[in-house]
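Student: sequence? don't have it. structure:
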């Protein structure tokens, strides 16, 4: 049994989340030619220790988003269980996930160290990712390398590191979960990392965000036009890399579905900002779930599904991994919303109450507004009230507990999707550990 850390505790909930159907795809492997475009940043980031080292990841945005899918996972309404408002960090155990069917029977497996898993997957994918970036124009390649944390402006090697590499890890684990070598998933892992970086470059411009991972965003460092161009180049490289692999057409189709969803989610999230807090046109929690699945979950699901497809898995398994990733995306986004209001700025790197100052329509706020008496909260949101006062009322109205419940419910749905198909025992455990790690994060 797992439990949320103090920052994000999940109250017990017995509701179930529906798993959205998703298209299957196929598998394949690609080689990416080397070029000199990223020579200025050719020095690899500092190696990670065997035990792993936490990296600063950039959570999905809460303003614009990513895409939509067929049927988003959600229930009709978020419910907030009874809980003491004076003890919002109260412990609550999560129900035990159903045991996944296993290809190879094995007794109990020790939970893998997630940071070691992430380190291993990054080390496997990094050479091909660098080769892909090296195929583009040298100036564009430098901006791409800067976005990955490999270099500084001007090309000098960076001292720090980039994000966690969650999507590439999901692709590698997706292949290993169906009994294939993680190497066959490298083209898919490279493609999803390139698409993720492309989406972040454009998101930062749309959101006006000036910092990411504690340094200037690409548009702030190089200019808006160049950042748009770099994002476009990363998108083109992703499709090229995937199309060159075995089973390329099927893999590209799978990625295309995720990209369409990503765009839909981004559009919905941008439009949310123009809608009122209350009344018939307000944004409801169900709409938020759909947006989060598309904005954040589509690419996470595609990552795991591409790995399975390239590993030769049947369509049912590919679809199950895609569903798991989509549910994870909703949970990830909801946790990101919680951190945006109640996270520790010293850890998250974000200003205290940043989302409330910007009056973002995040899940805790929408859930609180869905309570029987939203009038006072609406008045505060439409005024210049201090964010601390607004946060306290959101919690009092059940928004925080509803968000915690939603995150737990989506994680349960993700684990159920994994349990529905035969997977390699140890890798299935690694996937479950990765899911738990991502929703228990504090940044």
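Tutor: Okay, I see it. Bear in mind that the values here come from a model prediction, so they are computed numbers and not experimental data.
Student: what number of residues lie near residue 260?
Tutor: 15 (other C-beta atoms under 10 Å). C-betas here are computed from N, CA, C, even on glycine.
Student: Could you pull out the buried residues of whichever helix or strand it is part of?
Tutor: Here residue 260, judged by DSSP states H and E, is contained in helix 248-272. For helix 248-272, a neighbour-count test (16 or more other C-beta atoms under 10 Å) marks 248, 250-252, 254-255, 257-259, 261-269, 272 as buried.
Student: Test for you: state the pLDDT assigned to residue 18.
Tutor: We note a pLDDT of 39 for residue 18 in this prediction.
Student: on that earlier part again, and the helix holding residue 260, what other elements does it pack with?
Tutor: Judged by 3 or more C-beta pairs under 8 Å, 6 or more residues apart in numbering; DSSP states H and E, helix 248-272 is in contact with helix 186-207, helix 224-243, helix 285-292, helix 298-310.
Student: Direction included, what does the helix or strand just after the first one pair up with?
Tutor: On the C-terminal side of helix 186-207, the nearest following helix or strand under DSSP H and E is strand 211-212. Under the criterion DSSP bridges, strand 211-212 sits next to strand 215-216 (antiparallel) in its sheet.
Student: what sits up against the strand it pairs with?
Tutor: Residues outside strand 215-216 that contact it (C-beta atoms under 8 Å, 6 or more residues apart in numbering) are 210, 221.
Student: start the count at 574, not 1, going forward
Tutor: That works, and once the first residue is 574, the last one we named lands at strand 788-789.
Student: Let me know the next secondary structure element after that strand.
Tutor: Under the assignment DSSP H and E, the closest C-terminal helix or strand after strand 788-789 is helix 791-795.
Student: Please enumerate residues in contact with that following helix?
Tutor: For helix 791-795, the surrounding residues in contact (C-beta under 8 Å, 6+ apart) are 716, 719-720, 726, 774, 777-778, 783-784, 788, 799-801, 803.
Student: wait, isn't residue 710 in contact with residue 806?
Tutor: Yes: between residue 710 and residue 806 there is a contact under C-beta atoms under 8 Å: 7.2 Å.
Student: circling back to that earlier point, which one of the helices and strands packed on helix 821-845 lies nearest to residue 906?
Tutor: Nearest of the helices and strands packed on helix 821-845 to residue 906, taken as C-beta to C-beta: helix 858-865 at 4.0 Å.
Student: Low-confidence stretches in the stretch 724-873 of the chain?
Tutor: 733-735 (pLDDT under 70).
Student: mind running it again at 80?
Tutor: Scanning the stretch 724-873 of the chain with the threshold set as pLDDT under 80 gives 733-736.
Student: what's residue 996 sitting at in phi/psi?
Tutor: phi -130, psi 150 (degrees, to the nearest 10).
Student: Give me the neighbour count for it.
Tutor: Neighbours of residue 996 (other C-beta under 10 Å): 28.
Student: For beta bridges, what are the partners of it?
Tutor: Beta bridges link residue 996 to residue 675, judged by DSSP bridges.
Student: Would you mind measuring from it to residue 1002?
Tutor: Here residue 996 is placed at a distance of 9 Å from residue 1002 (C-beta to C-beta, to the nearest Å).
Student: Residue 929 too?
Tutor: For residue 929, the distance to residue 1002 - C-beta to C-beta - is 38 Å.
Student: mean confidence score for the lengthiest helix in the chain?
Tutor: Counting by DSSP state H, the longest helix found in the chain is helix 888-915. Model confidence over helix 888-915, given as mean pLDDT, is 96.
Student: That one vs helix 858-865, what angle?
Tutor: Here the directions of helix 888-915 and helix 858-865 differ by 110 degrees (axes from the mean of the first three to the mean of the last three C-alpha atoms, to 10 degrees).
Student: Next, report how far helix 888-915 is displaced from the centre of its chain.
Tutor: Put simply, helix 888-915 sits 7 Å off its chain's centre (C-alpha atoms, centre = their mean, to the nearest Å).
Student: and it, what other elements does it pack with?
Tutor: Counting by 3+ C-beta pairs under 8 Å, 6+ apart, helix 888-915 packs on helix 739-750, helix 858-865, helix 871-883, helix 927-930, helix 936-942, helix 960-969, helix 972-992, helix 998-1012.
Student: tell me the most buried of the ones you listed?
Tutor: helix 871-883 (a mean of 33; mean count of other C-beta atoms under 10 Å).
Student: Could you list every helix and strand in contact with that helix?
Tutor: Counting contacts by 3+ C-beta pairs under 8 Å, 6+ apart, helix 871-883 packs against helix 739-750, helix 759-780, helix 821-845, helix 888-915.
Student: so can I have CSV of the ones you listed showing distance to residue 936?
Tutor: Shown next, in CSV, are the helices and strands packed on helix 871-883 (distance: least, C-beta to C-beta, whole Å):
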stretch, distance to residue 936
helix 739-750, 20
helix 759-780, 18
helix 821-845, 11
helix 888-915, 5
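Student: before we move on, the earlier item: now do the helix holding residue 833 against helix 858-865, angle only.
Tutor: Helix 821-845 and helix 858-865 are oriented at 140 degrees to each other (the same axes, to 10 degrees).
Student: Report the angle between helix 821-845 and helix 871-883.
Tutor: Counting by the same axes, to 10 degrees, helix 821-845 lies at 170 degrees to helix 871-883.
Student: Just want the angle from helix 821-845 to helix 797-816.
Tutor: Using the same axes, to 10 degrees, the direction of helix 821-845 lies 150 degrees away from that of helix 797-816.
Student: Between helix 759-780 and helix 821-845, find me the angle.
Tutor: Note on geometry: by the same axes, to 10 degrees, helix 821-845 and helix 759-780 are set 20 degrees apart in direction.
Student: where's helix 821-845 relative to the chain centroid, distance-wise?
Tutor: 14 Å.
Student: What of stretch 799-819?
Tutor: In terms of C-alpha atoms, centre = their mean, the gap separating the centre of stretch 799-819 from the centre of its chain is 20 Å.
Student: List the buried residues in that stretch.
Tutor: Applying a neighbour-count criterion of 16+ other C-beta under 10 Å, one finds 799-800, 802-804, 806-808, 810-816, 818 buried in stretch 799-819.
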